[in-house]
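Enquirer: The sequence and its predicted three-dimensional model are supplied below.
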Protein chains: 2
Amino acid sequence: VVVVLDVLRATTTIAYALQAGCRDIIPVEDISEAMRLADTLGKDRTLLCGERGGQKIPGFHLGNSPLEYTPQVVEGKTRLLTTTNGTRALVVAQGAEVLTGSFVNLSMVAARAVADERDLLLLCAGRESRFSLEDTVCAGGLLSRLPEGMYELSDAAVVAAALYRRHSDDLLGMMRASQHGRYLVSLGLERDLSVAAAVDALPVVGRLCEGKVVKA
Amino acid sequence: VVVVLDVLRATTTIAYALQAGCRDIIPVEDISEAMRLADTLGKDRTLLCGERGGQKIPGFHLGNSPLEYTPQVVEGKTRLLTTTNGTRALVVAQGAEVLTGSFVNLSMVAARAVADERDLLLLCAGRESRFSLEDTVCAGGLLSRLPEGMYELSDAAVVAAALYRRHSDDLLGMMRASQHGRYLVSLGLERDLSVAAAVDALPVVGRLCEGKVVKA
């Protein structure tokens, strides 16, 4: 079982889209592929969504802010999503049993991840292939919700769990101090950090199924 | 400037070999290349050194334990070194100004790393491309010895510095608890952990120069 974590913001936004009634989300790696798919599937049933450098892609319907994904906008639609880090992680992970996790659905994802009693990989999307604090802390939060002693932990998992214990009282402050959080604040997207830090705000889990993320 | 860190054990052993009078160390990725180089350079002036799975390679002169590298054995010799993680990191890093760091020469490496006032990459060799606790803590120790405010820190650097503060009182305990440390203890190599945990035991820094590690 692989849990893909891209707290800022792809997997948070996926949770919001699913909760708002979005039919499914297709992660795609590049912009031209997203546009081609929109043509194939029909423009009336798809939404072009995503970001480059944190900002909405010109000509696309939606960016990568969770609060854009309201029922009026997304209900029943297929969302074609291309982002810098999160969709890449989803594409890499295909083939395994893949869930999308974030703080907003942490406990539900943890419950779902252990249900199969299989090996568990927490895939932190990071930022341009580098370590990111917020995804690692989220992985630690997920670990803290697993039954004690059920898994043998890697060094990385032990550190993630310790980081979560250290930051769990102030997840928003942790995100504001992180590299990616500071960058989003500089773009005027501070509200996305508050949304992403709301633990267990949404009762929904995404699951990758034949290339599409659907409600688990 | 790149500092390659493979505390258990390649960069620790490199420090010991240089201190014992070894002429230079050539990192090579595979066993057959090491044997071919020994033939080319002459068997009387070279030593075949390294490990696979933590254990000495059959037919090689030395394994990867720091205490094997005594002046009687290595003085004036060229050491052909192939290990699972550390030599790979050294090969990858070639082209930059590369130093080899470990706890045993932490302060000297830090002083040397800042001397050029250039961007600094701390390359934790890890274990089979994965995160390792001991290399990250060592990176944090190096960061703690840099002038405050001289560098802008990545998320990974901030976490490494925090991990060092947490473990600096008991580096040996940290290594014993780490995945790689536990593995080496299971091979009967616990003494290598004690040697690797001795901060600033050796006044020597390795520097990669035309494919060879020499005294900086």
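Expert: Arrived safely.
Enquirer: touching chain B at all, stretch A:137-148?
Expert: No - counting by CB under 8 Å from any CB of the partner chain, no contacts exist between stretch A:137-148 and chain B, the nearest distance being 9.6 Å. Every residue, glycine included, has its C-beta placed from N, CA and C.
Enquirer: From residue A:101, how far off is the residue nearest to residue A:99 when sequence neighbours are not counted?
Expert: On the basis of CB to CB, 6 or more residues apart in numbering or on different chains, the spatially nearest residue to residue A:99 that is not a chain neighbour turns out to be residue A:3, at 4.9 Å. When distances are taken as CB to CB, to the nearest Å, residue A:3 and residue A:101 turn out to be 4 Å apart.
Enquirer: ok, back up a step: residue contacts, the residue nearest to residue A:99?
Expert: Applying CB atoms under 8 Å, 6 or more residues apart in numbering or on different chains to residue A:3 gives the contacts A:98-101, A:109, A:113, A:120-123, A:139, A:142.
Enquirer: Can you flag the buried ones in those residues?
Expert: If you count burial by 16 or more other CB atoms under 10 Å in any protein chain shown, the buried members of those come out as A:98-101, A:109, A:113, A:120, A:122-123, A:139, A:142.
Enquirer: Format the contacts of residue A:3 as TSV; extra columns: secondary structure and pLDDT.
Expert: Supplementary listing: these in TSV, determined by DSSP: H, G, I helix; E, B strand; the rest coil; pLDDT from 0 to 100:
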residue	secondary structure	pLDDT
A:98	strand	95
A:99	strand	96
A:100	strand	97
A:101	strand	97
A:109	helix	97
A:113	helix	95
A:120	coil	95
A:121	strand	94
A:122	strand	95
A:123	strand	94
A:139	helix	98
A:142	helix	97
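Enquirer: mind checking pLDDT for residue A:91?
Expert: In this model, residue A:91 is scored at 85, pLDDT.
Enquirer: which residues touch the longest strand seen in chain A?
Expert: With DSSP state E applied, the strand covering the greatest number of residues in chain A is identified as strand A:46-52. Under the criterion CB under 8 Å, 6+ apart, residues A:31, A:34-35, A:37-38, A:56-57, A:59-64, A:73-74, A:77-84, A:87 lie in contact with strand A:46-52.
Enquirer: Show me what secondary structure element comes after it.
Expert: Next in sequence after strand A:46-52, counting helices and strands by DSSP states H and E, comes strand A:55-56.
Enquirer: chain center to that next one: distance?
Expert: 17 Å (CA atoms, centre = their mean, to the nearest Å).
Enquirer: Can you list the strands that that strand pairs with?
Expert: Pairing partners of strand A:55-56, with direction, according to DSSP bridges: strand A:46-52 (antiparallel).
Enquirer: on that earlier part again, tabulate the buried ones among the contacts of residue A:3 (a markdown table), appending distance to residue A:173.
Expert: Supplementary listing: the buried ones among the contacts of residue A:3 in a markdown table, determined by distance: CB to CB, whole Å:
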| residue | distance to residue A:173 |
| --- | --- |
| A:98 | 30 |
| A:99 | 27 |
| A:100 | 25 |
| A:101 | 21 |
| A:109 | 23 |
| A:113 | 27 |
| A:120 | 28 |
| A:122 | 22 |
| A:123 | 25 |
| A:139 | 18 |
| A:142 | 20 |
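Enquirer: What parts of chain A come near chain B?
Expert: Within chain A, the positions near chain B by CB under 8 Å from any CB are A:130-133, A:136, A:154-156, A:158-159, A:162-163, A:166, A:177-180.
Enquirer: what about burial for those, which qualify?
Expert: Judged by 16+ other CB under 10 Å, buried ones among these: A:131-133, A:136, A:154-156, A:158-159, A:162-163, A:178-180.
Enquirer: Please narrow these to those residing in helices.
Expert: Using DSSP state H, the members of these that fall in helices are A:133, A:136, A:155-156, A:158-159, A:162-163, A:179-180.
Enquirer: And these, which is closest to residue B:23?
Expert: Within these, proximity to residue B:23 (CB to CB) peaks at residue A:155, which comes in at 34.8 Å.
Enquirer: ok, residue A:157 - how many residues close by?
Expert: 21 (other CB atoms under 10 Å in any protein chain shown).
Enquirer: Find the nearest non-adjacent residue to it, please.
Expert: Spatially, and ignoring its direct neighbours in sequence, residue A:157 is nearest to residue A:143 (5.9 Å; CB to CB, 6+ apart).
Enquirer: and the longest strand of chain A, how far from the chain's centre?
Expert: Put simply, strand A:46-52 sits 14 Å off its chain's centre (CA atoms, centre = their mean).
Enquirer: same deal with stretch A:104-114?
Expert: Stretch A:104-114 has its average C-alpha position 13 Å from the chain's average C-alpha position, going by CA atoms, centre = their mean.
Enquirer: again with stretch A:198-206
Expert: With CA atoms, centre = their mean as the basis, the mean position of stretch A:198-206 lies at 11 Å from the chain mean.
Enquirer: Start and end of it, how far apart?
Expert: Across stretch A:198-206, the terminal residues are separated by 17 Å (CA to CA, to the nearest Å).
Enquirer: ok, which stretches of chain A are strands?
Expert: Listed in chain order, the strands of chain A (DSSP E) span A:2-5, A:24-27, A:46-52, A:55-56, A:78-82, A:98-101, A:121-124, A:206-209, A:212-215.
Enquirer: wait, which of those strands is closest to residue B:43?
Expert: The closest of the strands of chain A to residue B:43 is strand A:121-124. By CB to CB, the value is 45.3 Å.
Enquirer: Mind listing the strands that closest one pairs with, and their directions?
Expert: Here strand A:121-124 has these sheet partners by DSSP bridges: strand A:2-5 (parallel).
Enquirer: what does the helix or strand of chain A with the lowest mean pLDDT rub up against?
Expert: Of all helical and strand segments in chain A, the minimum by mean pLDDT, DSSP states H and E falls on helix A:86-93, at a mean of 85. Residues external to helix A:86-93 that are found in contact with it (CB under 8 Å, 6+ apart): A:2, A:4, A:6, A:9-11, A:14, A:27-29, A:50, A:81, A:98, A:100, A:123, A:125, A:208, A:213.
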